[in-house]
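[1] Give me coordinates for this.
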Amino acid sequence: MRGAGGHLVRDVLAGMIRGIGETALDIVMPEIELHFTDTFKGETAIVSLDDHEVLRAEGLKTDFRTGLARRVMVNSDKDSVSLAVEVTPGGGKQTADIDAAQTKFVVVSLQKGNLRVNPISHEEFAREPRGYA
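    Got it, this is the predicted structure:
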């Protein structure tokens, strides 16, 4: 069950701290944006933060017009986490250390059958040209 914004934990926390003051809203959990991009053809991606599964995305298929199979947000209970992505069948597993405050998004791709997990910082995103290359 999710609130109007689709973020159950955020909505519950916001409800609990209403009336305390705006600075209390800084308690909200950090979000990590994942972009599943190149050459997904129906695979399943299992995403874990610090060894706890937070997402199982089935039937990922890249739309070659946009370069995206799917874009999703996952919540973390802390700013720095170990992100693990496993793609089945045949994609393997990759991990990356993520600082949610410094990361704009994480690109997850299958390039020639090899899984790549590439965190993109706010600074890297600001540089031209932008894209998934």
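[2] low-confidence ranges in this protein?
    Residue ranges of the chain with pLDDT under 70: 1-28, 130-133.
[3] Swap in 50 and give it another go.
    Where the chain drops to pLDDT under 50, the residues are 1-5, 22-25.
[4] Can you show me the helices along it?
    Taking DSSP state H as the criterion, the chain carries its helices at 8-17, 122-126.
[5] The nearest residue to Ala45 once chain neighbours are set aside: neighbour count?
    Among residues not flanking Ala45 along the chain, Ala57 sits closest, at 4.6 Å (Cβ to Cβ, 6 or more residues apart in numbering). All C-beta spots, glycine's among them, are computed from the backbone N, C-alpha and C. A count of nearby residues for Ala57, using other Cβ atoms under 10 Å, gives 19.
[6] How about the one 5 residues further on?
    The local packing of Thr62 (other Cβ under 10 Å) involves 18 other residues.
[7] List the residues that contact Val85.
    Applying Cβ atoms under 8 Å, 6 or more residues apart in numbering, we find Val85 in contact with Ala45, Ile46, Val47, Ser48, Lys93, Gln94, Thr95, Val108, Leu115, Val117.
[8] do the same with Val108
    Here Val108 is in contact with Leu34, His35, Phe36, Thr37, Ala45, Val85, Val87, Leu115, Arg116, Val117, Asn118 (Cβ under 8 Å, 6+ apart).
[9] That one and Thr37, how far apart?
    For Val108, the distance to Thr37 (Cβ to Cβ, to the nearest Å) stands at 7 Å.
[10] Report the contact partners of Phe125.
    Lys104, Phe105.
[11] make it 6 Å
    Phe125 makes contact with Lys104, according to Cβ atoms under 6 Å, 6 or more residues apart in numbering.
[12] With Leu110 instead?
    Per Cβ under 6 Å, 6+ apart, neighbours of Leu110: Thr39, Gly91.
[13] For it, name its beta-bridge partners.
    For Leu110, the beta-bridge partners under DSSP bridges are Leu115.
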